[in-house]
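Chemist: Fold the following for me, if possible:
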Amino acid sequence: MATQQRPFHLVVFGASGFTGQFVTEEVAREQVSPERTSHLPWAVAGRGPTLSSEVGIIICDITNPASLDEMAKQATVVLNCVGPYRFYGEPVIKACIENGTSCIDISGEPQFLKLMYWKYHEKAAEKGVYIIGSSGFDSIPADLGVIYTRNKMNGTLTAVESFLTIRSGPEGLCIHDGTWKSAVYGFGDKSNLKKLRNESDMKPVPIVGPKLKRRWPISYCRELNSYSIPFLGADVSVVKRTQRYLHENLEQSPVQYAAYVTVGGITSVIKLMFAGLFFLFFVRFGIGRQLLIKFPWLFSFGYFSKQGPTQKQIDASSFTMTFFGQGFSQDISPVKNKPNIRICTQVKGPEVGYVTTPIAMVQAAMTLLNDVSDLPKAGGVFTPGAAFSRTKLIDRLNERGIEFSVISSTEV
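Modeler: Here you go, the predicted structure:
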């Protein structure tokens, strides 16, 4: 990647936004890291970001394509923090591709991610740039967690279930309403996502070993002693795209995947059922979506707010994502046999939205800059797993507090 030709290796676009501020702080920490052996020139960009004179400042606006071009021309990699991406993501990607700049975002919006692939993958490949979405908590822990589990299994991994557990302190959890808006618009436009999938006309990825059975909408996980519900974020969509890429391009055996989130005891289950029913009812109508967006704290039972979490809430929060995988030893054929290897791995880390997400996004960018020979040979629009499966990104995350580990591995 031709970093010498651009004044800035990294540019944080949307640096003054809620999440952008945390990403900016993470880039600043990366710049002064004791492990750094070279200078990291970087800048912030947006309508009016203000930082010390040691950091480059680029004034640009999502509604002004010329200003986005000027930003892209000065960067090797743009870290795009401006969402919802379904409204504001495409102009940045277009400007980056046209100006030979790679781009990373933290979108958890499956429709946007798929649409950008269909519209821009070939153009990005022609330019030799990398457009990598969902590079925050959605969906680096899940996507790379499946790859890590596959790499640690002494055999062929065929299926994985992940269970996300979020822990909070005495003041509880809170998420900024930007994420809430993305969810409201995403669920409100679900029919178009289904239409996009149907129009893609791609061959199904082969199923290796027994088909992974989906759990009930509310199920009990004995291993974790907790009830769980399906995880409705982008993880399943992203992991499936990664597995398709690894199968079609690297001839790796595809892994089936399902994602769940633990919700504790039966009281929590009942609360979530009511919240989910309210949400799914209101999101179907225009006026309902307006109410959901106007009163996030009310309709999310306090989990989302326009103010976002306090620093105390952030400091007291953490996550664990547990992966239960099954597969076959090298001497057993997956055809008509039962899996004879089970493996359990974990990804653990700090608060998901404003600590883990900035770390994941910045380390993805550093991997783009430093592990060029291990990236896909041509550019394109990629998932994190497709782009980084052969890089040192997992090692970088481990060093910064997002820990990947094997809990157990047994042959039965």
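
Chemist: Name the residues of stretch 107-117 that come out as buried.
Modeler: 107, 108, 109, 110, 111, 112, 113, 114, 115, 116, 117 (16 or more other C-beta atoms under 10 Å). Using the backbone N, CA and C atoms, a C-beta is placed for each residue, glycine as well.

Chemist: got TSV for these, with secondary structure and pLDDT too?
Modeler: Listed next are the buried residues of stretch 107-117 as TSV, based on DSSP: H, G, I helix; E, B strand; the rest coil; pLDDT from 0 to 100:
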residue	secondary structure	pLDDT
107	coil	95
108	coil	91
109	coil	91
110	helix	89
111	helix	90
112	helix	92
113	helix	93
114	helix	92
115	helix	93
116	helix	96
117	helix	96
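
Chemist: hmm, which two among those residues are most spread apart?
Modeler: Largest separation among the buried residues of stretch 107-117 by C-beta to C-beta: 108 and 117, giving 15.2 Å.

Chemist: which element is the closest residue to residue 402 other than its chain neighbours on?
Modeler: Leaving aside its sequence neighbours, residue 402 sits nearest to residue 349 (C-beta to C-beta, 6 or more residues apart in numbering; 4.0 Å). Here residue 349 sits within strand 341-350, counting by DSSP states H and E.

Chemist: For whichever helix or strand comes after that strand, list every residue counted as buried.
Modeler: Note on strand 341-350: by DSSP H and E, the next helix or strand toward the C-terminus is helix 357-370. Residues of helix 357-370 classed as buried: 357, 358, 359, 360, 361, 362, 363, 364, 365, 366, 367, 368 (neighbour count, 16+ other C-beta under 10 Å).

Chemist: go on, stretch 401-412?
Modeler: Going by neighbour count (16+ other C-beta under 10 Å), the buried part of stretch 401-412 is 402, 404, 409.

Chemist: Looking at these, which has the smallest pLDDT value?
Modeler: Within the buried residues of stretch 401-412, the minimum per-residue pLDDT falls on residue 409 (91).

Chemist: That one and residue 343 touch, don't they?
Modeler: Yes - between residue 409 and residue 343 there is a contact under C-beta atoms under 8 Å: 4.5 Å.

Chemist: Determine the residues that are contacts of both of those two.
Modeler: Counting by C-beta atoms under 8 Å, 6 or more residues apart in numbering, the common neighbours of residue 409 and residue 343 are 152, 153.

Chemist: Residue ranges in the chain under the pLDDT threshold?
Modeler: 1-4, 49-53, 190-191, 193-201, 412 (pLDDT under 70).

Chemist: would residue 397 count as being in a strand?
Modeler: No - when DSSP: H, G, I helix; E, B strand; the rest coil is applied, residue 397 is found to be helix, with no strand at that position.

Chemist: For it, which non-adjacent residue is closest in space?
Modeler: residue 363 (5.8 Å).

Chemist: Please give me every residue in contact with the one you found.
Modeler: Counting by C-beta under 8 Å, 6+ apart, residue 363 touches 393, 396, 397, 400.

Chemist: Looks like the second one contacts residue 365 (just checking).
Modeler: No - here residue 396 lies out of contact with residue 365, judged by C-beta under 8 Å, at a distance of 10.5 Å.

Chemist: got a list of what residue 94 touches?
Modeler: So residue 94 contacts 65, 68, 120 (C-beta under 8 Å, 6+ apart).

Chemist: What strand or helix carries the second one?
Modeler: Using DSSP H and E, residue 68 falls within helix 65-73.

Chemist: Name the residues of the strand holding residue 349 that come out as buried.
Modeler: Neighbour-count burial for strand 341-350, counted by 16+ other C-beta under 10 Å, picks out 341, 343, 344, 345, 346, 347, 348, 349, 350.

Chemist: can you check stretch 124-134 too?
Modeler: Using 16+ other C-beta under 10 Å as the test for burial, stretch 124-134 gives 124, 125, 127, 129, 130, 131, 132, 133, 134.

Chemist: from memory the fourth one sits against residue 379, does it?
Modeler: Put plainly, it is residue 129. Yes - here residue 129 reaches residue 379: they are 4.6 Å apart, a contact under C-beta under 8 Å.

Chemist: tell me, what's touching the two both at once?
Modeler: residue 102.

Chemist: Kindly confirm my reading that residue 327 forms part of a strand.
Modeler: Yes - counting by three-state DSSP, one finds residue 327 located in a strand.

Chemist: Which residue lies closest in space to it, excluding its sequence neighbours?
Modeler: Spatial nearest neighbour of residue 327, excluding adjacent residues (C-beta to C-beta, 6+ apart): residue 157 at 4.2 Å.

Chemist: do you know how far that neighbour is from residue 257?
Modeler: 10 Å (C-beta to C-beta, to the nearest Å).

Chemist: And for residue 128?
Modeler: Distance, residue 128 to residue 257, by C-beta to C-beta: 30 Å.

Chemist: In the helix or strand hosting residue 94, which residues are buried?
Modeler: Taking DSSP H and E as the criterion, residue 94 maps to helix 85-98. By neighbour count on 16+ other C-beta under 10 Å, the buried set for helix 85-98 is 85-86, 88-98.

Chemist: Okay, angle between it and helix 65-73 too, please.
Modeler: 60 degrees (axes from the mean of the first three to the mean of the last three C-alpha atoms, to 10 degrees).

Chemist: next helix or strand past helix 85-98?
Modeler: Beyond helix 85-98 toward the C-terminal end (DSSP H and E), the next one is strand 102-105.

Chemist: ok, and what's touching that following strand?
Modeler: 1, 76-81, 83, 85, 89, 92-93, 96, 129-135, 361, 364-365, 368, 379.
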